[in-house]
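Asks: Next comes the sequence, and after it the predicted model I'd like to discuss.
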Amino acid sequence: QVRLVESGGGLVEAGGSLRLSCAISGSLFGIFDMAWYRQPPGKQRELVAGISSASRTKYADFVKGRFTISRSNAKKTVYLQMDSLKPEDTAVYYCNFDRSDTSNLSWGQGTQVIVSS
(Lines give C-alpha, C1' and ligand atoms only; values in the text may rest on other atoms or scores of the structure.)
Protein backbone atom coordinates (compact mmCIF):
# COMPACT_ATOMS: atom_id res chain seq x y z
CA GLN A 1 0.00 0.00 0.00
CA VAL A 2 1.27 3.45 -0.93
CA ARG A 3 2.00 5.85 1.92
CA LEU A 4 2.21 9.61 1.34
CA VAL A 5 3.94 11.96 3.79
CA GLU A 6 3.76 15.68 3.14
CA SER A 7 6.06 18.23 4.76
CA GLY A 8 7.34 21.77 4.40
CA GLY A 9 4.31 23.81 5.34
CA GLY A 10 4.32 26.67 7.78
CA LEU A 11 3.48 30.30 8.42
CA VAL A 12 4.74 32.82 5.88
CA GLU A 13 4.03 36.42 5.04
CA ALA A 14 2.33 37.37 1.80
CA GLY A 15 4.86 37.48 -1.00
CA GLY A 16 7.00 34.82 0.62
CA SER A 17 7.92 31.31 -0.50
CA LEU A 18 7.66 27.76 0.73
CA ARG A 19 8.73 24.43 -0.71
CA LEU A 20 6.57 21.44 0.02
CA SER A 21 7.76 17.87 -0.24
CA CYS A 22 5.87 14.62 -0.50
CA ALA A 23 7.68 11.38 0.19
CA ILE A 24 5.99 8.34 -1.30
CA SER A 25 6.52 4.69 -0.41
CA GLY A 26 6.19 1.93 -2.96
CA SER A 27 8.38 0.63 -5.74
CA LEU A 28 6.29 1.77 -8.72
CA PHE A 29 6.32 5.50 -8.02
CA GLY A 30 7.91 6.37 -11.35
CA ILE A 31 4.95 5.20 -13.41
CA PHE A 32 2.32 7.29 -11.67
CA ASP A 33 1.03 10.74 -12.45
CA MET A 34 1.11 12.75 -9.23
CA ALA A 35 -0.49 15.94 -8.04
CA TRP A 36 -0.73 18.45 -5.26
CA TYR A 37 -4.16 19.33 -3.94
CA ARG A 38 -5.23 21.79 -1.29
CA GLN A 39 -8.19 22.32 0.99
CA PRO A 40 -8.74 25.90 2.12
CA PRO A 41 -10.61 26.46 5.39
CA GLY A 42 -14.29 25.66 4.96
CA LYS A 43 -13.91 24.70 1.31
CA GLN A 44 -13.57 21.55 -0.74
CA ARG A 45 -10.28 20.06 -1.77
CA GLU A 46 -9.04 21.29 -5.14
CA LEU A 47 -6.31 20.40 -7.60
CA VAL A 48 -3.31 22.73 -7.50
CA ALA A 49 -0.81 21.16 -9.88
CA GLY A 50 -0.07 17.84 -11.53
CA ILE A 51 3.00 16.16 -12.97
CA SER A 52 2.99 13.11 -15.22
CA SER A 53 5.38 10.18 -15.10
CA ALA A 54 7.21 11.94 -17.96
CA SER A 55 7.30 15.19 -15.95
CA ARG A 56 4.72 17.04 -18.00
CA THR A 57 3.13 19.61 -15.73
CA LYS A 58 -0.22 21.32 -15.39
CA TYR A 59 -1.44 24.02 -13.04
CA ALA A 60 -4.67 25.47 -11.76
CA ASP A 61 -5.18 28.98 -13.06
CA PHE A 62 -4.95 30.43 -9.57
CA VAL A 63 -1.31 29.30 -9.15
CA LYS A 64 0.05 29.60 -12.69
CA GLY A 65 3.29 31.54 -12.74
CA ARG A 66 3.71 31.30 -8.96
CA PHE A 67 3.94 27.57 -8.15
CA THR A 68 6.20 24.93 -9.68
CA ILE A 69 5.68 21.19 -9.34
CA SER A 70 8.55 18.76 -9.82
CA ARG A 71 9.47 15.21 -8.99
CA SER A 72 12.45 13.01 -8.28
CA ASN A 73 11.75 9.41 -9.17
CA ALA A 74 15.06 8.37 -7.59
CA LYS A 75 14.00 9.90 -4.28
CA LYS A 76 10.31 8.98 -4.71
CA THR A 77 9.42 12.55 -3.88
CA VAL A 78 7.17 15.20 -5.37
CA TYR A 79 7.83 18.87 -4.68
CA LEU A 80 5.80 22.05 -4.85
CA GLN A 81 7.73 25.30 -4.93
CA MET A 82 5.38 28.08 -3.95
CA ASP A 83 6.42 31.67 -4.62
CA SER A 84 4.59 35.00 -4.35
CA LEU A 85 2.25 33.47 -1.81
CA LYS A 86 -1.08 35.12 -1.15
CA PRO A 87 -3.39 34.92 1.88
CA GLU A 88 -5.85 32.98 -0.29
CA ASP A 89 -3.23 30.23 -0.64
CA THR A 90 -3.84 29.38 3.01
CA ALA A 91 -4.88 25.71 3.07
CA VAL A 92 -3.87 22.21 3.98
CA TYR A 93 -1.83 20.86 1.08
CA TYR A 94 -1.91 17.20 0.10
CA CYS A 95 -0.15 15.14 -2.51
CA ASN A 96 -1.71 12.14 -4.18
CA PHE A 97 -2.18 10.43 -7.51
CA ASP A 98 -3.48 12.70 -10.26
CA ARG A 99 -7.07 11.58 -10.73
CA SER A 100 -10.14 13.33 -12.08
CA ASP A 101 -12.16 11.39 -9.50
CA THR A 102 -10.44 11.50 -6.12
CA SER A 103 -13.28 9.93 -4.16
CA ASN A 104 -11.51 6.58 -3.81
CA LEU A 105 -8.08 7.94 -2.90
CA SER A 106 -6.60 7.58 0.55
CA TRP A 107 -5.12 10.79 1.92
CA GLY A 108 -2.19 11.55 4.16
CA GLN A 109 -2.23 14.16 6.92
CA GLY A 110 -1.25 16.97 4.59
CA THR A 111 0.83 19.98 5.50
CA GLN A 112 -0.63 23.27 6.69
CA VAL A 113 0.26 26.47 4.86
CA ILE A 114 -0.77 29.78 6.40
CA VAL A 115 -0.09 33.02 4.54
CA SER A 116 -0.48 36.17 6.57
CA SER A 117 -1.38 39.50 5.00
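Replies: Looks like it arrived, so ask away. Residues are numbered from 1 along each chain as shown.

Asks: Report the contact partners of the residue nearest in space to the middle of the chain.
Replies: The centre of the chain sits closest to Trp36, judged by Cα atoms, centre = their mean, with a distance of 2.6 Å. Contacts for Trp36 (Cβ atoms under 8 Å, 6 or more residues apart in numbering) come out as 20, 22, 47-50, 69, 78, 80, 93-95. Heads up, the C-betas are built off the backbone N, CA and C, glycines and all.

Asks: Neighbour-wise, give me the winner out of these.
Replies: Taking other Cβ atoms under 10 Å as the neighbour criterion, Cys95 ranks highest of the contacts of Trp36 with 29 neighbours.

Asks: Closest one of the contacts of Trp36 to Val115?
Replies: Tyr93 (11.7 Å; Cβ to Cβ).

Asks: I'd assumed Glu6 was in contact with the closest one.
Replies: Yes - under the criterion of Cβ atoms under 8 Å, Tyr93 is in contact with Glu6, at a separation of 6.4 Å.
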